[in-house]
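Enquirer: below is the structure, and that's it, no one-letter string:
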């Protein structure tokens, strides 16, 4: 077994005598590259191609990509959301999504496929929609929806300081108010 091999063309092999890149690491156990720093500076691995408009970190299957502030999983060309927002772009053969939570039973998800975008939760966890850091809409696991309440007792419960519910029919002047 060869520990280090330098090819005539300049390629370096660690664990291989046939390096196919400038640095080729091969092994049967854990294979990796570790970068440490002994100072307060951050250790980093920067991969940059000749195109200065982008940076990339790739694997053979394009499972993870970083290009100029966008991160892609399942794509080599992550796209930003309109307006140039920095984006996590997740794609797969059936769609892409994110799962997050505290335990395997207490999780929420956001994903999309060719038919629909989804947002939801597992188990008996309500879904809340927030504005200005305050829950405005709550959806319970039994299907009840609350606007202005986090514990709706009916299929739709609206709670607020006003005394009416407005149903709009398409124009600013074509509506009906329901007073309580």
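Expert: Noted; the coordinates are in hand. Small disclaimer: the values here were computed from a predicted structure and weren't measured.
Enquirer: quick check: what element follows the helix or strand of the chain with the lowest mean pLDDT along the chain?
Expert: Every helix and strand of the chain was ranked by mean pLDDT, DSSP states H and E. The lowest is strand 65-67, at a mean of 61. Remark: after strand 65-67, the chain's next helix or strand is strand 70-73, criterion DSSP states H and E.
Enquirer: direction included, what does whatever helix or strand comes next after that next one pair against?
Expert: Next along the chain after strand 70-73, taking DSSP H and E as the criterion, comes strand 88-90. Note on strand 88-90: by DSSP bridges, its sheet partners are strand 70-73 (parallel).
Enquirer: if you count neighbours, what's buried in the partner strand?
Expert: 70, 71, 72, 73 (16 or more other CB atoms under 10 Å). Where C-beta positions appear, they are placed from N, C-alpha and C, glycine not excepted.
Enquirer: now for those residues: which two are most distant?
Expert: 70 and 73 (11.0 Å; CB to CB).
Enquirer: what do these two both touch?
Expert: 88, 89 (CB atoms under 8 Å, 6 or more residues apart in numbering).
Enquirer: pLDDT at residue 39, what is it?
Expert: For residue 39, the pLDDT comes out at 68.
Enquirer: of all the buried residues of strand 70-73, which comes closest to residue 26?
Expert: residue 73 (25.6 Å).
Enquirer: now that closest one: how far from residue 82?
Expert: Using CB to CB, to the nearest Å, residue 73 is found at 20 Å from residue 82.
Enquirer: can you check residue 69 too?
Expert: In terms of CB to CB, residue 69 sits 15 Å off from residue 82.
Enquirer: count of neighbours near residue 116?
Expert: Per other CB atoms under 10 Å, the neighbour tally for residue 116 reads 8.
Enquirer: try residue 103
Expert: Neighbours of residue 103 using other CB under 10 Å come to 8.
Enquirer: average pLDDT across the lengthiest strand in the chain?
Expert: Counting by DSSP state E, the longest strand found in the chain is strand 164-171. The pLDDT scores in strand 164-171 average 81.
Enquirer: same check on stretch 11-18?
Expert: Rounded mean pLDDT across stretch 11-18 is 89.
Enquirer: buried ones in that stretch?
Expert: Result for stretch 11-18 [16+ other CB under 10 Å]: buried residues 11, 13, 14, 15, 16.
Enquirer: so where's this protein uncertain?
Expert: The chain contains residues with pLDDT under 70 at 1, 30, 35-37, 39-68, 163.
Enquirer: residues near the closest residue to residue 91 other than its chain neighbours, how many?
Expert: Among residues not flanking residue 91 along the chain, residue 74 sits closest, at 4.1 Å (CB to CB, 6 or more residues apart in numbering). Residue 74 is flanked by 17 other residues according to other CB under 10 Å.
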